[in-house]
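Participant: show me the folded form of this:
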Amino acid sequence: MATAPRYFPRTQLGLRAKLMLLTSVVMLFVVAMVVIFVSWNMRSVIEDETLKRSLAIATSFGASNRESIRAYSWFRVQQNANAAKGDNGLAYLVVYNKEGLRVADTEDPHVLNPLPAEPSVRSLLAQATVLSREIAFTPGAGGASEIVFDTFVPITPDDSPRAWATVRIGIATAPRDSTVRETQFHILQIGLVALSMGLLGAALLGTRITTPIIRLKEGSLRAAAGDLSSIIEVHSGDELEALAKNFDYMIAQIKSHQEERIRAEKLAAVGYMVNTVVHDCRTPIAVIKGFASVMQEFETSPAQQRECLDFIEFEVDRMERMLDEILQYAVERKTSLVFRDEHLDDFVRECCTEIRILLRTTQIQLSSDLHSAALVRVDKDKLRRAILNLVANAREALKGEGEIRLKTESIDGHAIIHVEDTGSGIPEEIRAKIFEPFFTHGKSLKGFGLGMSITQRIIRDHAGRIELQSESGKGTTFSIWLPLAVASPRASAATG
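Facilitator: Got it, this is the predicted structure:
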């Protein structure tokens, strides 16, 4: 059985793979957004807490060293700065007086007298407000550079609006970054677990969705191939199960309508055949009845009686031919063909002998142009009947005068027999019906119109085909295409 055409394109990714891929992309996007948002939020919170801590340390340091600052006891301030650095885990602590001179520096223990501040620092001190920034800091002992929160906090006594000193505090960002990285790692772990669960869920969901779809696809392909008896079993409890049931119902309805149509077509064919048989048999019966009445009711001479009997015999023969045609059409489906290897030109020459006998009572000329030495595998009796049917149709079309030509040739692994006539041609509107059973357009009342249908079936049984070419006023050509059996020496010689 021929393979049904596939109306489902072959995709690179199945629905399940697409669903899993989409889930992965969405989950990765969500995890990335969570990492970015949480990291940014944590950095902001840590920076705010670091600033509050710096303010608290600076305020506490200023309160505890207020008297030393007023007394310009910078040595004591330096000692307290070193103590505050160690107690609070600071990167550094620097104190500037109200003139902007550096009077204490944990990274420079040799500060004995006020020293001028760096130009960049003086501009920040001039603002006399709390400032915070991130800078790269290298310890005085020659350690590795690190990023610190650099915070300036003015120290203002209660009895004066002007700052008496500014405390500069450096707090390393490494703990913050470590906390952020740790949080990111935990989020990624949770994200990977969620991604794995999402992929597993997508795979299960994809299987639940694609399995019914695959069954629906396979069922539709079986239906397209003509199998309308299969039932699609889907028990998903959702819309896909409803779709499968509707599909089964649709196939059942198609099958029911098809059976009804086939029964109707069979009844119509039987009715058409019976009507044709009755109509075509009624004419010879009427003729026979008429001549019998003449012989019974009137006195006729022996010569007249013989003439009436000749007419009766002719009509009986015609009825016998028509009934034989119906019998051949019915029996032809059940008989098997007996194939033999024949040279095409020799076979057509044998047919020409019988065709000349068929045309002996007409003025129709028969000519042949045989140029195929091909070897074909045929049932001689059946294929001869097909060719004679074509010639009989051509004889009817020529109405006693004209020419019938038989030609042979070999093209592309096929042997071709052309049956041409010089008649008036076949009208275009009936060419498509010429091979239908009981089609008798333009023929004399000598048959039921089964000859062309039988001819087509015989040629198809030979794995061949028949083609029709006709032009109004220029005649008709029927071409019989037959597959070659094996290459013959004669065919090779003819080709060379």
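Participant: secondary structure class for P483?
Facilitator: strand (DSSP: H, G, I helix; E, B strand; the rest coil).
Participant: please tell me how far it sits from I458.
Facilitator: As defined by CB to CB, to the nearest Å, P483 lies at a distance of 15 Å from I458. (Glycine included, C-beta is placed from N, CA and C.)
Participant: show me which of the two is the more surrounded one.
Facilitator: For P483 against I458, the residue with the higher neighbour count under other CB atoms under 10 Å is I458, and the figures read 24 against 14.
Participant: which residues does the nearest residue to W164 once chain neighbours are set aside contact?
Facilitator: In this structure, W164 finds its nearest non-sequential neighbour in K98, 5.2 Å apart by CB to CB, 6 or more residues apart in numbering. By CB atoms under 8 Å, 6 or more residues apart in numbering, the contact list for K98 reads 162-165.
Participant: got the phi/psi numbers for K98?
Facilitator: Backbone geometry at K98, expressed as degrees, to the nearest 10, gives phi -70, psi -20.
Participant: tell me the secondary structure at E299.
Facilitator: The three-state assignment at E299 reads coil, by three-state DSSP.
Participant: tell me where the stretch 151-300 of the chain has helices.
Facilitator: According to DSSP state H, counting those that start in this stretch, the stretch 151-300 of the chain carries its helices in the segments 174-224, 239-297.
Participant: on that earlier part again, would you turn the contacts of K98 into a markdown table with pLDDT and neighbour count?
Facilitator: Rendered in a markdown table, the data for the contacts of K98 read as follows (pLDDT from 0 to 100; neighbours: other CB atoms under 10 Å):
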| residue | pLDDT | neighbour count |
| --- | --- | --- |
| R162 | 77 | 9 |
| A163 | 78 | 19 |
| W164 | 80 | 15 |
| A165 | 85 | 25 |
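Participant: now, which of those residues sits nearest T300?
Facilitator: Out of the contacts of K98, the one with the shortest distance to T300 is A163. That distance is 157.4 Å, counting by CB to CB.
Participant: tally of neighbours for the residue lying closest to the closest one once chain neighbours are set aside?
Facilitator: Nearest non-adjacent residue to A163, counting by CB to CB, 6+ apart: P154, 3.8 Å away. Neighbour count for P154, taken as other CB under 10 Å: 20.
Participant: cool, D317 as well?
Facilitator: Residues within reach of D317, counting by other CB under 10 Å, total 11.
Participant: now do F29
Facilitator: F29 sits with 10 neighbouring residues when counted by other CB under 10 Å.
Participant: any idea how far it lies from A174?
Facilitator: Separation of F29 from A174 (CB to CB): 30 Å.
Participant: also F137?
Facilitator: Here F137 is placed at a distance of 11 Å from A174 (CB to CB).
Participant: more crowded one of those two?
Facilitator: Ranked by neighbour count (other CB under 10 Å), F137 and A174 place F137 first, with 18 against 12.
Participant: could you pull out the strands for this structure?
Facilitator: Secondary structure of the chain, counting by DSSP state E: strands at 92-97, 101-105, 115-116, 131-137, 146-155, 165-172, 340-343, 363-370, 375-378, 401-411, 414-421, 465-471, 475-483.
Participant: other SSEs contacting the first one?
Facilitator: When contacts are defined as 3 or more CB pairs under 8 Å, 6 or more residues apart in numbering; DSSP states H and E, strand 92-97 packs onto helix 74-88, strand 101-105, strand 165-172.
Participant: what does the fourth one give?
Facilitator: Helices and strands touching strand 131-137, by 3+ CB pairs under 8 Å, 6+ apart, are helix 15-64, strand 146-155.
Participant: point to the helix or strand of the chain where mean pLDDT is at its lowest.
Facilitator: In the chain, the helix or strand scored least confidently by mean pLDDT, DSSP states H and E is helix 489-495, which has a mean of 40.
Participant: related to what we said a few turns ago, as CSV, the contacts of K98 with distance to I430 would be great.
Facilitator: Written out in CSV, the entries for the contacts of K98 read as follows (distance: CB to CB, whole Å):
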residue, distance to I430
R162, 119
A163, 115
W164, 121
A165, 118
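Participant: that older thread, give the residues shared as contacts by F137 and A174.
Facilitator: Contact criterion CB under 8 Å, 6+ apart; residues shared by F137 and A174: 146-147.
Participant: A71 and S132, how far apart?
Facilitator: From A71 across to S132, the span is 30 Å (CB to CB).
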